[in-house]
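In: I would like to see how this sequence folds:
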Amino acid sequence: MKPVSSGYADVNGIMLYHEIYGEGEPLVLIHGGLTTIGEMQGWVQPLAKTRQVIAVEMQGHGRTADTDRPISFATMGDDIVALQDYLKISQVDLVGHSFGGASAIRAAIQRPEKVRRLVVISSPYTRSGWYPEAQRGMSHVGAAMAESMMQTPTGKLSKQWPDPRRFPQFLDKMGNMMSEDYDWSADIAKLPMAVLLVFADNDSVSQKHIADFFALLGGGMKEPGWLNTQLSRSRLAVVPGYSHYNFLTSAEVPQIIGKFLADQFTNAPAGAAAASQAARPLEKKR
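Out: Below you'll find the predicted structure:
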């Protein structure tokens, strides 16, 4: 499958590259750190069979050249919303992997009315959710690694930027961003849309954090009842046999996303789902 269209959106001081595949309800798909749309094709293709998939390359990644603009997850969230406005799409299902998952979370927090449903893949809501080894590795990303990082998909495509010499500076900005502490738990608990969490069973995010994340969304907190009258609108999937670093090869992930998007309970609150959502604020007060 080839893209229906591709191009650049002039948003927030960058030229944001994106490709559109398939037809149907719009889904924005965001890659992980230092990867590009190319590495996401194993997920793009199956999702695009029933959806309009808008795959994007974020600032400094792939064909979206870095600029003097600072990099932050909040800014990335703004870019996604700006891309929606550029494409004249009022609301999307938003899917992000790792670095892209954090960007998707920020978009949902900052502009919840723009996100119909949210899928977070292998990304925590607080930096401490990463295992210590992963935190150290992210902190070491910087210009000193530029030569070896040129072999990454983003490094190779940086040669096509208007100023390819910016790549080491971009790595410094990425390392600084990934070294900053954050905790979005209070905002996560207020998200109005249904959320799907997807993690590998050997992910770089701890299993305890994964359970805490699901609990923030109202999941796994109570017995759902024989008729599932207390079923959470949010969902959790832990996929066996993968790590954070080979999760993009998982054929199960797009299948899980498709099932989540087709689930009647993940659409606008109705019936038991509405009752469950309404009960969450009361539970927090007890």
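In: Flag the shaky bits of the protein, pLDDT-wise.
Out: The chain contains residues with pLDDT under 70 at 227-229, 268-286.
In: Can you show me the helices along it?
Out: Remark: helices assigned in the chain by DSSP state H are 41-47, 73-87, 99-110, 132-139, 146-149, 153-157, 167-179, 185-188, 207-216, 252-262, 271-285.
In: Out of those helices, flag the one nearest Ser232.
Out: The closest of the helices of the chain to Ser232 is helix 271-285. By Cβ to Cβ, the value is 6.0 Å. No exception for glycine: its C-beta is placed from N, CA and C like everyone else's.
In: State the distance from the residue nearest to Gln160 when sequence neighbours are not counted to Ser158.
Out: Distance criterion Cβ to Cβ, 6 or more residues apart in numbering; nearest residue to Gln160, sequence neighbours excluded, is Arg63 at 6.5 Å. For Arg63, the distance to Ser158 equals 9 Å [Cβ to Cβ, to the nearest Å].
In: higher neighbour count, those two?
Out: Neighbours per residue, other Cβ atoms under 10 Å: of Arg63 and Ser158, the larger number sits with Ser158, 26 against 19.
In: quick one: the residue nearest to that one when sequence neighbours are not counted from Met149, how far?
Out: The spatially closest residue to Ser158, leaving aside those adjacent along the chain, is Phe167, at 4.3 Å (Cβ to Cβ, 6+ apart). Distance from Phe167 to Met149, counting by Cβ to Cβ: 8 Å.
In: Pull up the overlap in contacts between those two.
Out: Gly155 (Cβ atoms under 8 Å, 6 or more residues apart in numbering).
In: before we move on, back to that, and the residue nearest to Ser158, how far is that from Gly155?
Out: Phe167 is 6 Å from Gly155, by Cβ to Cβ.
In: Give me the common contacts of those two.
Out: Contacts common to Phe167 and Gly155, judged by Cβ under 8 Å, 6+ apart, are Ala146, Met149.
In: Hmm, Asp78 and Asn12 touching each other?
Out: Yes - under the criterion of Cβ atoms under 8 Å, Asn12 makes contact with Asp78 at 6.0 Å.
In: Tell me which of the helices of the chain sits nearest to Asp93.
Out: When the helices of the chain are compared (using Cβ to Cβ), the closest one is helix 252-262, at 6.0 Å.
In: residues of that closest one that come out buried?
Out: Residues of helix 252-262 classed as buried by neighbour count (16 or more other Cβ atoms under 10 Å): Val253, Pro254, Ile256, Ile257, Phe260, Leu261.
In: Any chance of CSV for the residues you listed, columns distance to Thr67?
Out: Listed next are the buried residues of helix 252-262 as CSV, based on distance: Cβ to Cβ, whole Å:
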residue, distance to Thr67
Val253, 32
Pro254, 32
Ile256, 36
Ile257, 32
Phe260, 35
Leu261, 34
